[in-house]
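**Q** what's the 3D shape of this:
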Amino acid sequence: MRLKLVVIFSGVLLLLPYLAQAQVKFGGGLRGGILGYNQNEIDAHHFFWGLQGRVRLVKFLGAELSYQKRTDNFNFRNGNIELQTRPIQLSGFFYPLGMFPVSPYFVGGTGWYHFDITVTGDLNLPYVSGQGTFSLSENATHIGVGVEGFIGDHFSVGADVRKIFLTVHNPLITNLRFNAYFVNFMANFYF
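**A** So this is what the prediction gives:
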C-alpha cells in the first residue's frame with residue numbers, strides 16, 4: 001500500500017508542469033457495446049446502450065466514467081433465467097499519438113459489475129425452485145486498446161476492446177471466472 005502511494009505521488013509530481021499548461025476538455029456522450037462472457041460468445045444480438053463522461057488532459061491522458069445496462073434470457077430445463085448486467089467502469093487513458101486528430105489509446109481501470117438474476121419456473125437444480133431474484137456485485141479490473149478521432153474541436157467518435165478480469169465470489173457461485181470482453185462504440189461532445 002505504501003509503495004502504491006509513493007508511485008502515485010511521484011507520478012503526480014512529474015505531471016504537475018504539464019497539468020499547469022493543460023487545456024482540460026470535459027465531454028460526455030453515448031456508447032453502444034457488446035459484452036461477451038466468453039471470448040467465443042461475443043454476439044451482436046446482445047447490443048446494449050449506455051452513457052459516459054470523459055476528461056482529456058495534456059492531449060496524452062484522459063479519464064472516463066461509464067455506465068451500461070444489458071439483459072439476457074436463458075431457457076434452462078422447464079424454467080427461465082433472466083440476467084441483468086449493469087457495469088460501471090472508471091478508466092484511465094494514455095494516447096501515445098495524442099497530438100493528432102485520430103489517436104489510438106491504451107485503457108485500464110476498474111469496474112463494478114451489478115447482476116440481478118431472476119429465476120422463473122422449475123430449473124431442476126438443488127436449492128433453486130419457484131420464482132425469485134437475487135443480486136450480487138463484483139469488482140474487476142480491465143485493460144484494452146482503442147482509437148478516438150476528432151471531427152472538429154468538439155466532437156469525437158471511437159471504439160475500443162476491453163478485457164475484463166471478472167471472478168464471482170458468492171456462497172451460491174464459488175469462484176466463477178469469466179473470460180469477459182467488452183467491445184464499445186462511442187460518440188462524445190467536448191465542451
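**Q** residue contacts, residue 94?
**A** Taking Cβ atoms under 8 Å, 6 or more residues apart in numbering as the contact definition, residue 94 lies against 60-61, 105-106. C-beta coordinates here come from the backbone N, C-alpha and C atoms, glycine included.
**Q** could you rerun that using 10 Å?
**A** 60-62, 104-108 (Cβ atoms under 10 Å, 6 or more residues apart in numbering).
**Q** with residue 142 instead?
**A** Residue 142 makes contact with 87, 89-91, 107-111, 162-166, 180-182 under the criterion Cβ under 10 Å, 6+ apart.
**Q** would you list the buried entries among the residues you listed?
**A** Restricting the contacts of residue 142 to buried positions leaves 87, 89, 91, 107, 109, 111, 162, 164, 166, 180-182, with burial counted as 16 or more other Cβ atoms under 10 Å.
**Q** so of those, which ones are in helices?
**A** Using DSSP state H, no member of these falls in helices.
**Q** farthest-apart pair in those residues, please.
**A** For the buried ones among the contacts of residue 142, the farthest-apart pair by Cβ to Cβ is 107 and 166; their separation is 16.2 Å.
**Q** quick check: beta-bridge partners of the residue positioned nearest the centre of the chain?
**A** Centre of the chain computed as the mean C-alpha position; nearest residue by Cα atoms, centre = their mean is residue 89, 4.4 Å away. When assigned by DSSP bridges, residue 89 has beta-bridge partners residue 66, residue 111.
**Q** who are the contact partners of it?
**A** Contacts for residue 89 were tallied using Cβ under 10 Å, 6+ apart; they are 50, 52, 64-68, 107, 109-113, 140-142, 162, 164, 182, 184.
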